[in-house]
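Participant: Sequence unavailable; structure follows:
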């Protein structure tokens, strides 16, 4: 299959480069570092092995890109309003669009903007960062959970999972709702708390009060997911997330990096949408509502 | 009646000086600015009129102080463990001890340390600060609510209220529990949130997300107080607190001032105790529990 990458950053850049290294025909949309990559190629530093793409297919404008069988969207959700312009040139009737993005409600909004597109959610469990032009640093983890949102051709989704695995990426097909809400169990506490308290994950795990609050926030997400009828988002899973975070090096989640680099934070899909769904299901998340308010406050004051 | 003042700061210094100016026999315990006050007296700048006490009765050690009919305690609650040493020299069998302090559970703990003492709570609605040695700046408000905790001689408490009023202080006798919990309706949201979000009261009132959270925190206090059977701590009262804060100049509550001056914050009585009582009553305050955790986290990290 041919692949298009919208948003060649820490996420889209990493997964796209892995597919290209595996021999697939991959087409990258680049923005600020187009000239740099044309000259120097794309460099991936990874704990699974560094590699370099000498002459990747790169573009400044999606109108110059070919139609692809699969498109990875690695944009920040704050830029999703650009998708109705960016995506159509890459689409044929059967194109699968994989949204590798954070939060809850992303697929619903993109589907509203592009009703005919076949959407699949990609939940990346990865620590990576684009630290300089043309350079992706993959620090650890790297698996991706795939949840089918609106693709009637399930064989095509299976095929994508197979091709990801053949490229050396740990890919798993999972229930869409379970995947999104499981990700929220980690994302909602750690993204906001590292910003609100100017710290990293390790700090929150070692101080007993913040550790307790992180756990209580995880339980809020589990109770909300259960009220919404989502399966597999429960205390044992939250315990695994605690254990995983204990085992991680001190880490700054994407929202903390956005804050540090004075980029807009993804408050809407990481907090506002799931909080609203939880309220509608009669299971509000008061601690996370307070965290959202704190984030909006400090974001507006900057 | 004769008066002793333990903690001649923003609160004890102000109310004590008002009583001395009214002609009462007032004895002040001073610490760091004893020498300054001996030389220059005690200066009060107040929106109700500035005044100066040329030669107040001042002491460095409570063992040198006379026994008094009323003792005002204006210490920070973090120093209440000193009271078993500080208080006894000032006490006769009928001495009334007025704890003009923040939080919930203060009287219970002091009573445990000094079982025979007659305790009365003083809830000061005042904006004042000790800005330099021997100088108290009284910015606005100034009323004090008096709640009888353990004084069997109610006539004595009435007498105190009368003498405060005669000295020009707006004093009201109120139900002890109502007084403490009403104060918490304002104290719990604003003290912690101005620290957690590095701001003043006005900022919290004007930004819509923080304003909503302040209101929801006030409602948590009201519901907890109601679960504990405390009367008069309800939505209409919270609305009055919102209105009062809207009408105030931008203000830094005592915890924010403590934080700014690198003094310990009064987390224990302002948060931990009322949160524990609320949990025991089956009406936890999740947003304020989270705020407490944030305060402990940032306090320990400093």
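Facilitator: That came through, no problem. Just so we're clear, the structure is a prediction, and the values are computed from it rather than from any experiment.
Participant: ok, now which ones touch the residue of the stretch 1-150 of chain A at minimum distance from chain B?
Facilitator: Chain B sits closest to residue A:78 of the stretch 1-150 of chain A, with a gap of 17.6 Å, by C-beta to the nearest C-beta. Where you see a C-beta, it was placed from the backbone N, CA and C, and this is true even at glycine. Listed by C-beta atoms under 8 Å, 6 or more residues apart in numbering or on different chains, the contact set of residue A:78 reads A:264, A:266, A:268.
Participant: Give me the local confidence score for residue A:70.
Facilitator: pLDDT recorded at residue A:70 is 98.
Participant: whoops, I mixed them up, residue A:128
Facilitator: Confidence score, pLDDT, at residue A:128: 89.
Participant: Who are the packing partners of the helix or strand harbouring it?
Facilitator: Assigned by DSSP states H and E, residue A:128 belongs to strand A:118-132. Here strand A:118-132 touches helix A:12-21, strand A:91-99, helix A:106-113, strand A:135-148, helix A:154-166, helix A:176-196, going by 3 or more C-beta pairs under 8 Å, 6 or more residues apart in numbering or on different chains; DSSP states H and E.
Participant: So the last one, near chain B or not?
Facilitator: Which is helix A:176-196. Yes - for helix A:176-196, a contact with chain B is found by C-beta under 8 Å from any C-beta of the partner chain, at residue A:196.
Participant: got the angle between that helix and helix B:176-196?
Facilitator: 90 degrees (axes from the mean of the first three to the mean of the last three C-alpha atoms, to 10 degrees).
Participant: residues in contact with the nearest residue in space to residue A:31 that is not next to it in sequence?
Facilitator: Once flanking residues are discounted, residue A:31 sits nearest to residue A:60: 7.5 Å by C-beta to C-beta, 6 or more residues apart in numbering or on different chains. By C-beta under 8 Å, 6+ apart, residue A:60 lies in contact with A:29, A:30, A:31, A:34.
Participant: Pull up the gap between the spatially most central residue of chain A and residue A:183, please.
Facilitator: The C-alpha lying nearest the average C-alpha coordinate of chain A belongs to residue A:101 (C-alpha atoms, centre = their mean; 3.0 Å). Computed as C-beta to C-beta, to the nearest Å, the residue A:101 to residue A:183 distance reads 10 Å.
Participant: Over to residue A:56?
Facilitator: Counting by C-beta to C-beta, the gap from residue A:56 to residue A:183 is 28 Å.
Participant: Ramachandran angles for the residue nearest to residue A:31?
Facilitator: phi -100, psi -20 (degrees, to the nearest 10).
Participant: okay if I get the helices and strands packed on strand A:118-132 as TSV plus distance to residue B:93?
Facilitator: As requested, the helices and strands packed on strand A:118-132 are arranged in TSV below (distance: least, C-beta to C-beta, whole Å):
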stretch	distance to residue B:93
helix A:12-21	78
strand A:91-99	77
helix A:106-113	72
strand A:135-148	70
helix A:154-166	83
helix A:176-196	52
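Participant: need the least confident one among those, by mean pLDDT.
Facilitator: Among the helices and strands packed on strand A:118-132, strand A:135-148 carries the lowest mean pLDDT (a mean of 94).
Participant: What strands flank it, and is each parallel or antiparallel?
Facilitator: Sheet pairing for strand A:135-148, assigned by DSSP bridges, gives strand A:42-46 (parallel), strand A:118-132 (antiparallel), strand A:171-174 (parallel).
Participant: Give me the buried stretch members for the first one, please.
Facilitator: Neighbour-count burial for strand A:42-46, counted by 16 or more other C-beta atoms under 10 Å in any protein chain shown, picks out A:42, A:43, A:44, A:46.
Participant: How about the last one?
Facilitator: The neighbour-count criterion (16+ other C-beta under 10 Å) identifies A:171, A:173, A:174 as the buried residues of strand A:171-174.
Participant: Quick check: residue A:67 touching residue A:91?
Facilitator: Yes - at 6.4 Å, residue A:67 counts as touching residue A:91 under the criterion of C-beta atoms under 8 Å.
Participant: Please identify which of these two sits among more neighbours.
Facilitator: Comparing residue A:67 with residue A:91 by other C-beta atoms under 10 Å in any protein chain shown, the one with more neighbours is residue A:91, at 19 against 16.
Participant: Bridged to the more buried one, which residues?
Facilitator: Bridge pairing for residue A:91 - DSSP bridges - gives residue A:68.
Participant: Can you add pLDDT and distance to residue A:10 and give the buried residues of strand A:42-46 back as TSV?
Facilitator: TSV is the format used below for the buried residues of strand A:42-46 (pLDDT from 0 to 100; distance: C-beta to C-beta, whole Å):
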residue	pLDDT	distance to residue A:10
A:42	97	13
A:43	97	13
A:44	97	11
A:46	95	12
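Participant: how close does residue A:103 get to residue A:76?
Facilitator: 10 Å.
Participant: Report the set of residues contacting both of these two.
Facilitator: residue A:266.
Participant: Between the two, tell me which one has more neighbours.
Facilitator: residue A:103 (23 against 18).
Participant: so is that one in a helix, a strand, or just coil?
Facilitator: Following DSSP: H, G, I helix; E, B strand; the rest coil, residue A:103 is assigned to coil.
Participant: per-residue confidence averaged over stretch A:240-260?
Facilitator: 94.
Participant: buried sites along it?
Facilitator: A:241-242, A:245, A:248, A:251-259.
Participant: can you put these in JSON lines and add secondary structure and distance to chain B?
Facilitator: Converted to JSON lines, those look like this (DSSP: H, G, I helix; E, B strand; the rest coil; distance: C-beta to the nearest C-beta, whole Å):
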{"residue": "A:241", "secondary structure": "helix", "distance to chain B": "18"}
{"residue": "A:242", "secondary structure": "helix", "distance to chain B": "16"}
{"residue": "A:245", "secondary structure": "helix", "distance to chain B": "16"}
{"residue": "A:248", "secondary structure": "coil", "distance to chain B": "19"}
{"residue": "A:251", "secondary structure": "coil", "distance to chain B": "17"}
{"residue": "A:252", "secondary structure": "coil", "distance to chain B": "16"}
{"residue": "A:253", "secondary structure": "coil", "distance to chain B": "17"}
{"residue": "A:254", "secondary structure": "helix", "distance to chain B": "21"}
{"residue": "A:255", "secondary structure": "helix", "distance to chain B": "16"}
{"residue": "A:256", "secondary structure": "helix", "distance to chain B": "15"}
{"residue": "A:257", "secondary structure": "helix", "distance to chain B": "20"}
{"residue": "A:258", "secondary structure": "helix", "distance to chain B": "18"}
{"residue": "A:259", "secondary structure": "helix", "distance to chain B": "14"}
